[in-house]
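Q: sequence and computational prediction follow.
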Amino acid sequence: MGVGMTKFVMAIDQGTTSTRSIIFDGTMRVVGLGQQEFPQSYPQSGWVEHDPEDIWKTTVSTMRGAMASAGVASSDLAAIGIANQRETVIIWDREDGTPIHPAIVWQDRRTGDMCERLRSEGLEPLFSERTGLLLDPYFSGTKIAWILDHVEGARGRAEAGKLLAGTIDTFLIWHLTGGKVHATDATNAARTLLYDIARNRWDEELAAILNIPLAMMPKVLDSADDFGVTSRSLFGAEIPIRGVAGDQQAATVGQACFTPGMMKCTYGTGAFAVLNTGNTLVRSEHRLLSTIAYRLNGETTYALEGSIFIAGAAVQWLRDGMKILSNAAESGRLAARADDTQHIYLVPAFVGLGAPHWDAEARGAIFGLVRNTGPAEIAKAALEAVAYQTHDLVTAMHRDWGGQGSAPAEETVLRVDGGMVASDWTMQCIADMLASPVDRPTVLETTALGAAWLAASYAGVWPGREEFSQSWALERRFEPQMDGDLRARKLAGWHDAVRRTLTN
Ligand SMILES: Nc1ncnc2c1ncn2[C@@H]1O[C@H](COP(=O)(O)OP(=O)(O)O)[C@@H](O)[C@H]1O
Ligand SMILES: O=P(O)(O)OC[C@H](O)CO
């Protein structure tokens with residue numbers, strides 16, 4: 001590769017439990033990786049925080065680690081793409097960058113009362129109409145309001161223009177550019193409860209209701225755009241930041257779900273199903289979210305999203321909390337030898353339930369325990385819960401999408417990715433519950449790949465949409481095998497268990 005022809009691209013995947021930086025070469029192959037976990041903080045029941053310093057430090061050190069492992073210098077990188085855990089917010093001082101509070105993480109439930117109050121004032125339809133979201137503590141807006149309400153003097157400083165707010169992408173861009181750029185992309189803005197997704201602009205009325213000065217919010221750019229360059233003091237060279245998207249939207253891009261009706265689901269800590277609805281903003285009648293899949297060249301592509309808060313996290317709980325697994329992979333082996341005559345249902349409402357129930361107060365439950373229930377049956381129930389919830393989301397999507405007179409989503413298969421798709425047992429179970437195929441691609445780093453493609457296509461070093469879509473390759477298709485009656489019985493048992501868990 002000659003001078004000036006560098007095609008290496010770095011993706012930063014700043015996730016809930018770890019930060020990863022991955023370098024791809026010009027043929028879109030992974031050539032270097034840096035990964036670091038960081039601590040989670042649970043200061044009160046239902047609260048989840050991250051230390052912004054951990055997020056920043058793991059980002060820089062994994063970027064350096066990825067360059068070292070690939071043997072690539074900063075000057076060899078054509079562009080950086082950022083994918084981030086969404087909704088998590090940080091507020092910091094405009095002058096010196098100091099955060100005024102720990103990051104409040106997407107899973108955090110502390111603004112449940114605020115959401116309840118806004119709902120009781122009849123405001124949910126307004127928020128929903130403008131933002132495509134619901135009044136749930138999951139989203140950023142009430143978290144920002146909470147910090148402004150609880151940190152002394154914060155609202156005054158925000159009104160005076162002294163504080164900046166942002167989701168994790170914005171926080172990283174600000175620091176990477178040495179405080180020069182305060183920006184986000186449309187997919188991240190779409191998760192704040194402050195952004196009008198039809199008009200593509202911050203909404204003054206919603207900001208006024210939440211008492212958030214819009215001056216503290218970042219400029220909103222396309223998902224592939226000019227987000228500035230990294231400051232020379234960090235890595236030697238100035239590396240252009242050219243792609244940004246929330247991690248689930250980045251995975252949608254990485255899975256090449258560019259055609260309306262295509263759908264992916266990412267199974268990590270939680271699970272997030274995203275259905276591309278093209279340039280149609282589909283309003284869900286089944287409590288799914290309407291959101292932005294990506295915005296390219298000023299053109300918005302919309303999506304329907306179903307969000308499950310606990311997927312792989314239930315496996316982590318079995319491993320670290322209950323100590324009935326020595327590693328995550330053991331869950332599938334245990335499930336495979338569970339006693340089939342037992343009907344155990346685990347409703348993983350550890351932080352409430354997301355779509356389609358949106359019950360912030362619900363907490364987890366296990367039903368159907370008998371005298372000889374053991375680790376195998378519990379592990380099976382935890383994995384099945386992921387499949388049942390996927391079924392509920394995908395069913396709701398079919399109804400919403402079919403109702404628009406578009407090609408039925410039933411005709412498309414579900415593309416899957418995320419740490420949990422390593423589990424063949426779980427993937428088969430999902431295909432069985434959906435009664436439709438599940439496709440696992442060869443590249444499982446789809447979130448990073450999507451962020452890299454956004455940046456690299458903007459920088460002109462990777463192919464465009466068509467060629468990129470054709471490079472998507474199937475590793476394994478899971479075909480449904482379960483008898484229809486058994487499936488119906490199991491789903492009925494699940495729905496009964498959920499009913500008994502809900503508080504609303
Ligand atoms: N073989 C497996 N079987 C079941 N769950 C798994 C397996 N491997 C990983 N996981 C789960 O996947 C999750 C990690 O996925 P990852 O995509 O890295 O998560 P995140 O991006 O949310 O931090 C963990 O919660 C882990 O329990
Ligand atoms: O960090 P992940 O991969 O679990 O993703 C978190 C989501 O973006 C939350 O909305």
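A: Cool, the structure landed. Ligands and ions are numbered 1, 2, ... in the order given.

Q: all helices for the stretch 201-350 of the chain, in order.
A: Taking DSSP state H, counting those that start in this stretch to define them, one finds helices in the stretch 201-350 of the chain at 204-210, 232-235, 247-254, 312-316, 330-336.

Q: relative to residue 41, how far out is the residue lying closest to residue 51 once chain neighbours are set aside?
A: Once flanking residues are discounted, residue 51 sits nearest to residue 102: 5.9 Å by Cβ to Cβ, 6 or more residues apart in numbering. In this view, the C-beta of every residue, glycine as well, is placed from N, C-alpha and C. According to Cβ to Cβ, to the nearest Å, residue 102 and residue 41 sit 7 Å apart.

Q: which one of these two has more residues nearby?
A: residue 102 (18 against 13; other Cβ atoms under 10 Å).

Q: the more buried one contacts residue 47, doesn't it?
A: No - Residue 102 is beyond contact range of residue 47, at 9.6 Å (criterion: Cβ atoms under 8 Å).

Q: I'd like the average pLDDT over the longest strand belonging to the chain.
A: Counting residues, the longest strand found in the chain (DSSP state E) is strand 299-308. For strand 299-308, the mean per-residue pLDDT is 95.

Q: other SSEs contacting that strand?
A: helix 247-254, strand 271-278, strand 289-296, helix 375-402 (3 or more Cβ pairs under 8 Å, 6 or more residues apart in numbering; DSSP states H and E).

Q: looking at those, which is buried most?
A: helix 247-254 (a mean of 32; mean count of other Cβ atoms under 10 Å).

Q: mind listing what the residue nearest to the spatial centre of the chain touches?
A: Closest to where the C-alpha atoms of the chain average out (Cα atoms, centre = their mean) is residue 248, at 4.0 Å. Contact analysis of residue 248 by Cβ atoms under 8 Å, 6 or more residues apart in numbering lists 86, 266, 272, 274, 305, 447.

Q: keep these, but drop any that are not near ligand 1.
A: Filtering the contacts of residue 248 for proximity to ligand 1 by Cβ under 6 Å from any ligand atom leaves nothing.

Q: and the two most separated of those residues?
A: With Cβ to Cβ as the measure, no two of these lie farther apart than 305 and 447, at 14.8 Å.

Q: could you check how far the residue nearest to residue 51 is from residue 126?
A: For residue 102, the distance to residue 126 - Cβ to Cβ - is 30 Å.

Q: if we can go back for a sec, what residues of the longest strand of the chain count as buried?
A: 300-308 (16 or more other Cβ atoms under 10 Å).

Q: repeat that for stretch 308-326.
A: 308-319, 324-325.

Q: distance check, the residue nearest to the centre of the chain against residue 205.
A: 27 Å.

Q: give me the nearest residue to the residue of the stretch 151-300 of the chain found nearest ligand 1, chain neighbours excluded.
A: At 2.8 Å from ligand 1, residue 268 is the closest residue in the stretch 151-300 of the chain, using Cβ to the nearest ligand atom. The shortest distance from residue 268 to any non-neighbouring residue, by Cβ to Cβ, 6+ apart, is to residue 418 (4.3 Å).

Q: would you list the phi and psi of the one you found?
A: phi 100, psi 160 (degrees, to the nearest 10).

Q: give the contact list for it.
A: Residue 418 is in contact with 251, 266-268, 271, 311-312, 444, 447, counting by Cβ under 8 Å, 6+ apart.

Q: and this structure, which residues reach ligand 1?
A: Proximity of the chain to ligand 1 (Cβ under 6 Å from any ligand atom) is limited to residues 15-18, 268-269, 312-313, 315-316, 328-329, 331-332, 418-420, 422-423.

Q: filter the residues you listed to the buried ones?
A: For these, a neighbour count by 16+ other Cβ under 10 Å gives the buried set as 15-18, 268-269, 312-313, 315-316, 328, 331-332, 418-420, 423.

Q: which of those come close to ligand 2?
A: Applying Cβ under 6 Å from any ligand atom to these, those adjacent to ligand 2 are 15-16, 268-269.

Q: reformat those as a markdown table; add pLDDT.
A: Below are these laid out as a markdown table (pLDDT from 0 to 100):
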| residue | pLDDT |
| --- | --- |
| 15 | 94 |
| 16 | 92 |
| 268 | 91 |
| 269 | 87 |
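
Q: and stretch 235-245, how far from the chain's centre?
A: 22 Å (Cα atoms, centre = their mean, to the nearest Å).

Q: ends of that stretch, what's the gap?
A: 23 Å (Cα to Cα, to the nearest Å).

Q: is it anywhere near ligand 2?
A: No - Stretch 235-245 does not reach ligand 2 (Cβ under 6 Å from any ligand atom); its nearest approach is 10.3 Å.
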